[in-house]
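Visitor: Have a look at this prediction, sequence included:
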Amino acid sequence: TIAASGLQYIAADAFRANPKLTHLVLVGNPFLCSCGIRWLQLWQRNGWADLGNQSLSCWQEREEIPLEDLNLKDCGRSLPGEVEQGGLLNGPSVQGATDQSASQRWCPSRLSSLSLSLQMSDAEITLQIFNVSSRFNRKDVTCWAENEAGPSEKAVQLNVTFPAVILDLQEAIPQHYWCIPFSVDGNPPPALRWLFNGSALAEGQYIHTKIVEYEHNSTVAHGCLQLNRPTHVNNGNYTLLARNPLGADARTVPGRFMDNPFSFNPEEPIVGMAPLLHPGDSPLGNYCKTTCSAHCSPLSAPQRWQWWWGGGLLEPDISPPSHAGAAVLAQDDDLAMSLHFMNLGSSPQSSAESKLEGLKTNFIENPQYFCDTCKGVHHIKRRDIVLKWELGEGAFGKVFLAECYNLIPEHEKMLVAVKALKEATESARLDFQREAELLTVLQHEHIVRFYGVCTDGEPLIMVFEYMKHGDLNRFLRSHGPDAKILDNGNGQSFGQLTLSQMLQIATQIASGMVYLASLHFVHRDLATRNCLVGRSLVVKIGDFGMSRDIYSTDYYRVGGRTMLPIRWMPPESILYRKFTTESDIWSFGVVLWEIFTYGKQPWYQLSNTEAIECITQGRELERPRTCPSEVYDIMQGCWQREPQQRQNIKEIHSRLQALVKTPPVYLDVLG
C-alpha cells in the first residue's frame with residue numbers, strides 16, 4: 001500500500017521482483033500526467049493488482065485528470081530507428097537511431113573479441129566494428145533503447161562479404177550415386193565449376209553438382225559432384241573451382257571408380273583364343289571335321305552322353321535312343337559356362353575315341369549344336385566398342401552398357417551389353433570359347449541375342465543385345481502395387497501391370513523354354529531375375545551371371561562356393577542335384593508365381609532351410625491374389641512331385657497362348 005504519500009512518479013519495472021503481486025493500493029497520490037504512468041493506466045484498465053477498483057488521477061497544469069480519461073496515445077515505447085549495417089570486409093558500420101529522449105546502447109555480446117567504436121550524436125548512436133572476419137557473418141548485434149514508457153530492442157544481422165573458399169574436398173565415395181563431397185563458403189555465394197584432368201567438365205544428366213545442405217545461420221554449403229554409374233573412362237583428377245567477385249579458390253582430388261577392363265600393352269603381341277587341342281591345331285577345325293562326319297553317318301549303337309559342369313558330372317536330359325545330348329545353360333560356382341562333353345557310350349571305343357576319352361580338354365561334340373560354329377562365331381573389333389557405364393558384376397567379371405559400331409548393316413551404332421571376362425587363364429579361355437560357340441547356336445526371338453566376341457586383347461568380351469528395361473524381377477516390382485514403397489516414395493509411377501500383360505510375359509518365357517527344350521538344353525536357373533525386358537514389353541531369357549551378386553538372398557550357399565537357387569528348384573534337384581527339362585518346368589511354375597505376385601520372392605516368409613523343408617515335403621506356393629484359377633492350375637501342373645507327371649512345356653505354352661487370346665474373367669475371391 002502506497003496511499004496519499006505524495007508519490008508523483010513510479011517506474012514500470014518497480015514491481016518486477018514481485019511477479020505474484022495481487023493488490024497494489026495507490027489512491028491519493030498526486031501523479032504527474034506523463035508517459036511514465038502509461039503502464040498504470042493499462043493496469044487499471046485491465047484490472048491488474050486490483051487497480052481497476054481504485055480512483056486514480058494525475059495533475060497537469062494544476063488540473064486533476066482521472067487516469068482512465070488521460071489521453072496518452074503518443075506514449076509508445078521508444079524503438080530503435082532504422083538499424084543498418086554495411087557489408088564491407090574491412091569494417092562494417094552498424095547504426096541505429098531513436099528519439100533523443102531515449103536512453104540507448106548497443107549489445108555486441110558475441111563480438112567481444114573485436115575492436116569496437118561508439119559514436120554518439122543527438123539523434124543516434126553508431127557502432128563501428130573493425131577487422132571483422134568471415135566467422136562473424138550472420139551473427140546478430142542488438143540495439144537496446146529505453147524511455148519513461150519502457151525498454152525495447154532491435155537486432156541486426158551482420159552481412160560480412162568475403163572471398164570464396166573451399167573448406168573441404170574428399171575422394172569419391174559410393175552412395176546411391178558416386179559422390180565427390182565438398183564444402184564451400186563465400187559471400188556473395190560462389191559459383192562452382194569442375195575440371196576433369198585439367199579440362200572443363202561438362203555437366204549433364206549423368207554428372208552434375210548437387211548442393212545437399214546449407215549450415216544453419218551460415219553461408220557454408222555442403223554438396224556432391226554426383227556421377228551416375230561411372231566407368232574407367234571417368235578415372236582421373238577432379239578440380240573444384242569456386243569463385244565470387246571477391247576472390248577464387250581451387251582444390252583437386254583423384255577419382256577412381258573401376259579398373260580399365262580394356263587395359264593392355266599395345267606393344268605386346270595380341271593374344272588370341274587358346275587352342276582346344278594341342279599346339280599347331282586349329283582351335284575349331286579338327287573337332288569340327290570329326291563332328292560333321294559323325295553327323296553325316298548313322299551311329300551303329302545308341303550313345304549315352306554326360307556333361308561335365310565346372311568339374312562335376314551332371315545328369316543329362318536324354319531322349320533315348322538319341323545321339324542328341326543335353327547342355328546345361330547356367331553357371332556354377334565362380335566359373336564361366338563350361339560345357340565338357342564326354343562320350344561314355346556302351347559300344348566299344350575306337351583307338352581315336354580312347355585317346356579323346358583320356359584327354360579332359362578334348363571332346364566329341366554334338367553335331368546338332370556345333371557343326372556350324374567353325375565359322376559362326378562373329379568377331380567384333382575392339383575399336384568398335386565404346387563403354388558407357390557398368391550394369392553389374394558377377395563372379396565371371398563385369399557387364400557394361402556400350403555402344404557398338406558396324407555391328408549390323410542397318411545401324412551405324414547401337415546399344416549393346418558387353419560381358420567382360422575377369423580372368424584370362426587357359427581354363428577360363430576354353431570356357432569362354434565354348435560358351436561363345438553355344439550361344440551362337442541359340443537363335444530365338446525370346447532368347448537374348450548374342451552378337452559375338454572380341455578377342456583382340458584383354459579382357460575377352462562377349463557382346464549381347466541390350467534390353468532397355470533390365471531384369472524382369474525389378475520390372476515387375478516397379479509395375480506392382482508396392483512400387484512406391486519399394487522406392488521410398490521417390491520413384492516414378494509406371495502403372496500396374498494388367499492381367500493381359502502378365503499373361504503376355506509368361507507366354508514369351510514359355511516360348512523361349514520350348515525352344516531350349518527342343519535342343520535338350522537345361523537352364524537350371526530359370527527365374528524372373530534371369531529374364532530381361534525390352535521395348536514394347538518384349539521379354540527374353542538371358543543370364544549374364546550377375547544375379548548371384550545382385551540377388552544374393554535368392555541363393556543358398558552349399559559348402560564353400562556353390563550357390564543354389566533352392567526356392568526355384570524341385571525336390572529331386574535339391575536332394576540329388578538332378579537337373580532336367582522337367583526341373584526347368586518346375587522352375588517355370590515358380591516364374592509364373594513371381595509374375596502374378598509382381599516379383600515377390602518365393603517362400604519370402606521362410607528362411608532357406610524352412611523353404612527346403614516345405615518343398616521336399618510337398619507343400620506348394622499359395623495362389624497369388626491376382627492370379628486366375630486357370631493360371632494357378634498351370635502352376636500346380638508344373639509342381640508335380642514326380643518329374644514325369646509334370647506338364648510338357650509345349651502344352652504349357654499352348655495353354656498360355658489360349659489365355660492371352662481369351663483372358664479369363666478374374667474375381668478376387670481371396671479377399
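Guide: Yep, that arrived.
Visitor: For the rest of this, base every contact and every neighbour count on C-alpha atoms.
Guide: Fine.
Visitor: which SS class is the closest residue to N46 other than its chain neighbours?
Guide: Using C-alpha to C-alpha, 6 or more residues apart in numbering and skipping residues adjacent in sequence, the residue nearest N46 is G52, 7.0 Å away. Three-state call for G52 (DSSP: H, G, I helix; E, B strand; the rest coil): helix.
Visitor: what's the spacing between G52 and S511?
Guide: Distance of G52 to S511, given as C-alpha to C-alpha, to the nearest Å: 96 Å.
Visitor: returning to what we had before: please tell me the pLDDT value assigned to the residue nearest to N46.
Guide: For G52, the pLDDT comes out at 86.
Visitor: how many other residues sit next to it?
Guide: 16 (other C-alpha atoms under 10 Å).
Visitor: my guess is it meets Q44, correct?
Guide: Yes. G52 is in contact with Q44 according to C-alpha atoms under 8 Å; the separation is 4.5 Å.
Visitor: Show me the shaky parts of this protein.
Guide: Low-confidence regions of the chain, defined by pLDDT under 70, span residues 73-74, 76-123, 147-150, 259-375, 394-395, 487-494, 543-551, 559-561, 666-671.
Visitor: Hmm, E582 is touching R646, no?
Guide: Yes. At 6.9 Å, E582 counts as touching R646 under the criterion of C-alpha under 8 Å.
Visitor: more crowded one of those two?
Guide: E582 (25 against 19).
Visitor: Would you mind giving the secondary structure of the more buried one?
Guide: Here E582 takes the helix state, with states given by three-state DSSP.
Visitor: about what we covered before: which neighbours do E582 and R646 share?
Guide: Residues touching both E582 and R646 (C-alpha atoms under 8 Å, 6 or more residues apart in numbering): none.
Visitor: For the stretch 451-600 of the chain, just list every one of the strands.
Guide: Ranges of strands in the stretch 451-600 of the chain, per DSSP state E, counting those that start in this stretch, are 461-465, 521-522, 531-533, 539-541, 556-558, 562-564.
Visitor: Let's have the ones you listed in a markdown table, adding distance to P481.
Guide: Putting these into a markdown table (distance: least, C-alpha to C-alpha, whole Å) gives the following:
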| stretch | distance to P481 |
| --- | --- |
| strand 461-465 | 30 |
| strand 521-522 | 33 |
| strand 531-533 | 19 |
| strand 539-541 | 21 |
| strand 556-558 | 28 |
| strand 562-564 | 29 |
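Visitor: Which of these sits closest to C143?
Guide: strand 531-533 (68.5 Å; C-alpha to C-alpha).
Visitor: And that closest one, how far out from the chain middle?
Guide: How far strand 531-533 lies from its chain's middle: 19 Å, per C-alpha atoms, centre = their mean, to the nearest Å.
Visitor: Stretch 172-181 too?
Guide: In terms of C-alpha atoms, centre = their mean, the centre of stretch 172-181 is found 11 Å from the chain centre.
Visitor: May I see the buried residues of it?
Guide: By 16 or more other C-alpha atoms under 10 Å, the buried positions in stretch 172-181 come out as 172-173, 177-181.
Visitor: Can you tell me which of those residues comes closest to A11?
Guide: Distances from A11 to those, taken by C-alpha to C-alpha, are shortest for P181, at 58.8 Å.
Visitor: contacting residues for the closest one?
Guide: Contacts of P181 (C-alpha under 8 Å, 6+ apart): 168-173, 222-225.
Visitor: Please spell out the PyMOL selection for the buried subset of those.
Guide: Buried residues among the contacts of P181 (16+ other C-alpha under 10 Å), as a PyMOL selection:
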select buried, resi 169+170+172+173+222+223+224+225
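Visitor: This completes my enquiry, with thanks.
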